[in-house]
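Trainee: Quick one, what's the 3D model for this:
(one chain, ligands or ions: 1)
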Amino acid sequence: MSRTVYVNGEYLPEEEAKVSIFDRAFLFADGVYEVTSVLGGKLIAFDGHVERLWRSLSELEMSAPCTEDELLEIHRQLIARNGFDEGLIYLQVTRGAADRDFAWTDDLEPGLVLFHQEKRLADNPVAEKGIKVVSIPDERWGRRDIKTVQLLYPSMGKMMAKKAGADDAWMVEDGKVTEGTSNNAYIVKGGKIITRHLGNEILHGITRAAVLRFAREAQMQVEERPFTIDEAKLADEAFFTSASAFVMPVVAIDGDSIGAGTPGGVTKRLREIYLEEVQKAAI
Ligand code: PMP
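Mentor: Reported below is the predicted structural model:
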């Protein structure tokens, strides 16, 4: 069945949705995006995603295509028009269309595209088993805190993982894990949750912020610092977070089992707390 999608002010069947070949997102990856999960027809952590979108736009001196209220209304329209219950809403803002030139001008009309993808997120069977990761060098650009559509290296990383018989890759820079191809990385040792501190080297995950807040509220110990792959292999548990996977157990790194090689207790508890809390606050 054809989806209804949103393109530059219009709700259209997906086959009729078109963008310009001169759009700078197509020519230069000059665009930013957000992915918001939907559970029971409601948006999870919408405010956080919009706040990060404004920050990405401002770091790249891009104009906002509309207001926060208008963005919320578009998300809600997509849910209503598609009878959508569970999955993701993808949103992309582009700088706009112009004759191809590396330098941009300030008068471009920003582009806005949104569409949804149905996906089982809460009762995800993968979370019962956990996933395997491989380590790869982090060869992305230096401003990973900006959520751009420049995703070729993360795509290559997923393919490297697949070829190695794993599910995802954790990226390593200067001997330390930065993050996963599309998620933030954590280990647990002696009950303490360890994850890299915020900076330009990683995306400031909206799920990360919520999970760390819930962990601290539940009196769990949290340490924000870099860790190595060797340290991760000796950890009791490992997991990652993202808007689409929530809290996902990692049970092996580069072929070595983490802890018992099954999802750990802290990870399972964090997933439960996260799902309970964000659903209470969904809008
Ligand atoms: N890091 C990277 C590189 C990502 O692509 C993502 C997901 N877009 C994340 C972390 C997790 O961020 P969030 O929790 O906001 O989905």
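Trainee: Any figure for the gap between the closest residue to residue 204 other than its chain neighbours and residue 190?
Mentor: Counting by Cβ to Cβ, 6 or more residues apart in numbering, residue 204 lies nearest to residue 198, which is 5.4 Å off, once chain neighbours are set aside. Heads up, the C-betas are built off the backbone N, CA and C, glycines and all. In this structure, residue 198 and residue 190 are 23 Å apart, going by Cβ to Cβ, to the nearest Å.
Trainee: repeat for residue 247
Mentor: Distance, residue 247 to residue 190, using Cβ to Cβ: 19 Å.
Trainee: next one: residue 83
Mentor: With distances defined as Cβ to Cβ, the gap from residue 83 to residue 190 amounts to 47 Å.
Trainee: same deal with residue 21?
Mentor: Residue 21 sits 55 Å away from residue 190, taking Cβ to Cβ as the criterion.
Trainee: Repeat that for residue 201.
Mentor: From residue 201 to residue 190 the distance is 26 Å (Cβ to Cβ).
Trainee: Over to residue 58?
Mentor: Summarising the geometry, the distance separating residue 58 from residue 190, computed by Cβ to Cβ, is 40 Å.
Trainee: Please say which of the two ends up with more neighbours.
Mentor: For residue 58 versus residue 190, neighbours defined as other Cβ atoms under 10 Å are more numerous around residue 58 (12 against 8).
Trainee: List the buried residues in the host helix or strand of the more buried one.
Mentor: Residue 58 is part of helix 46-59 when elements are defined by DSSP states H and E. Using 16 or more other Cβ atoms under 10 Å as the burial criterion, the residues of helix 46-59 that qualify are 46, 48, 49, 50, 52, 53, 56, 57.
Trainee: Can you add distance to residue 153 and pLDDT and give these back as JSON lines?
Mentor: Below are the buried residues of helix 46-59 laid out as JSON lines (distance: Cβ to Cβ, whole Å; pLDDT from 0 to 100):
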{"residue": "46", "distance to residue 153": "28", "pLDDT": "98"}
{"residue": "48", "distance to residue 153": "25", "pLDDT": "97"}
{"residue": "49", "distance to residue 153": "23", "pLDDT": "98"}
{"residue": "50", "distance to residue 153": "26", "pLDDT": "98"}
{"residue": "52", "distance to residue 153": "20", "pLDDT": "98"}
{"residue": "53", "distance to residue 153": "22", "pLDDT": "98"}
{"residue": "56", "distance to residue 153": "18", "pLDDT": "98"}
{"residue": "57", "distance to residue 153": "22", "pLDDT": "98"}
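Trainee: now, which of these sits nearest residue 270?
Mentor: For residue 270, the closest of the buried residues of helix 46-59 turns out to be residue 48, at 17.3 Å, with distances computed as Cβ to Cβ.
Trainee: can you give me the helices in this structure?
Mentor: Chain-ordered helices for the chain, with DSSP state H as the definition, fall at 24-28, 46-59, 68-82, 126-129, 152-163, 206-217, 229-233, 265-280.
Trainee: Could you export those helices as TSV, including distance to the ligand?
Mentor: Compiled in TSV, the helices of the chain are given as follows (distance: least, Cβ to the nearest ligand atom, whole Å):
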stretch	distance to the ligand
helix 24-28	16
helix 46-59	7
helix 68-82	15
helix 126-129	15
helix 152-163	6
helix 206-217	3
helix 229-233	17
helix 265-280	11
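Trainee: These into CSV, with extra columns for distance to residue 120?
Mentor: Output for the helices of the chain, formatted as CSV (distance: least, Cβ to Cβ, whole Å):
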stretch, distance to residue 120
helix 24-28, 29
helix 46-59, 20
helix 68-82, 16
helix 126-129, 10
helix 152-163, 20
helix 206-217, 17
helix 229-233, 28
helix 265-280, 13
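Trainee: if we can go back for a sec, which other helices and strands does the helix holding residue 58 contact?
Mentor: Using 3 or more Cβ pairs under 8 Å, 6 or more residues apart in numbering; DSSP states H and E, the elements in contact with helix 46-59 are strand 31-39, helix 68-82, strand 87-94, helix 206-217.
Trainee: Specify the angle between it and helix 68-82 in degrees.
Mentor: Compare the direction of helix 46-59 with that of helix 68-82 by axes from the mean of the first three to the mean of the last three Cα atoms, to 10 degrees and you get 120 degrees.
Trainee: Residue of the stretch 51-200 of the chain nearest the ligand, please.
Mentor: The minimum distance from the stretch 51-200 of the chain to the ligand, using Cβ to the nearest ligand atom, falls at residue 182 (3.8 Å).
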